[in-house]
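> Build the 3D model from these lines:
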Amino acid sequence: MALEWVVLGYAAAAEAIMVILLTMPGLDALRNGLVSVTRNLLKPFLSIIPFCLFLLMDIYWKYETRPSCDGDSCTPSEHLRHQKSIMKSQRNALLIASALVFYWILYSVTNLVVRIEHLNQRVQRLKNKD
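Presented below is the predicted three-dimensional model:
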């Protein structure tokens with residue numbers, strides 16, 4: 001199951017890099033190309049949402065079927081394994097949340113950049129008319 005988390009981590013990192021590149025000042029010459037690449041990648045990245053839901057259900061199932069380790073009912077090694085499992089589940093839930101938030105931010109920023117470009121073109125047309 002580690003491959004799913006690696007794929008999700010790479011996808012979240014790619015989304016974060018695209019958001020940084022779109023919002024970084026001084027890249028006006030590259031912005032049109034970045035916007036077109038990002039707009040073309042938004043649809044394939046949409047598959048992250050059901051993938052995250054699947055992984056979230058996996059975390060929930062593992063949480064529900066995990067043997068409890070309360071009090072003196074388990075050895076120190078079992079207690080340590082239980083704690084590691086809880087930490088991994090929390091880390092994976094944080095990765096899921098970050099991937100979904102980065103997708104939402106990327107979508108919003110891309111739409112805002114496109115709207116700004118359209119408004120700038122409109123202003124230029126109105127200036128040229130006068």
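> Would you mind listing where the chain has pLDDT under the threshold?
The model of the chain has pLDDT under 70 over residues 1, 71.
> From T23, how far out is the spatially most central residue of it?
The structure's the chain has its C-alpha centroid closest to A99; by Cα atoms, centre = their mean the separation is 1.8 Å. For A99, the distance to T23 equals 18 Å [Cβ to Cβ, to the nearest Å]. Just so you know, the C-beta spots here come from the backbone N, C-alpha and C atoms, and that holds for glycine as well.
> Which residue comes closest to L27 once chain neighbours are left out?
L21 (6.7 Å; Cβ to Cβ, 6 or more residues apart in numbering).
> circling back: wait, doesn't the residue nearest to the centre of the chain sit right on L8?
Yes: A99 lies in contact with L8 (Cβ atoms under 8 Å); the separation is 5.5 Å.
> Quick check: neighbours shared by the two?
Any residue near both A99 and L8 by Cβ atoms under 8 Å, 6 or more residues apart in numbering counts here, and that gives I48, C52.
> which one is E4 nearest to, not counting chain neighbours?
Counting by Cβ to Cβ, 6+ apart, E4 lies nearest to L55, which is 6.1 Å off, once chain neighbours are set aside.
> after the host helix or strand of the one you found comes which helix or strand?
Using DSSP states H and E, L55 falls within helix 48-65. For helix 48-65, the succeeding helix or strand toward the C-terminus, using DSSP H and E, is helix 76-129.
> So which elements touch that following helix?
helix 2-23, helix 28-45, helix 48-65 (3 or more Cβ pairs under 8 Å, 6 or more residues apart in numbering; DSSP states H and E).
> Any chance you could list what contacts the first one?
It stands for helix 2-23. 27, 30-31, 34-35, 37-38, 41, 45, 48, 51-52, 55, 92, 95-96, 98-99, 102-103, 105-106, 109-110, 113.
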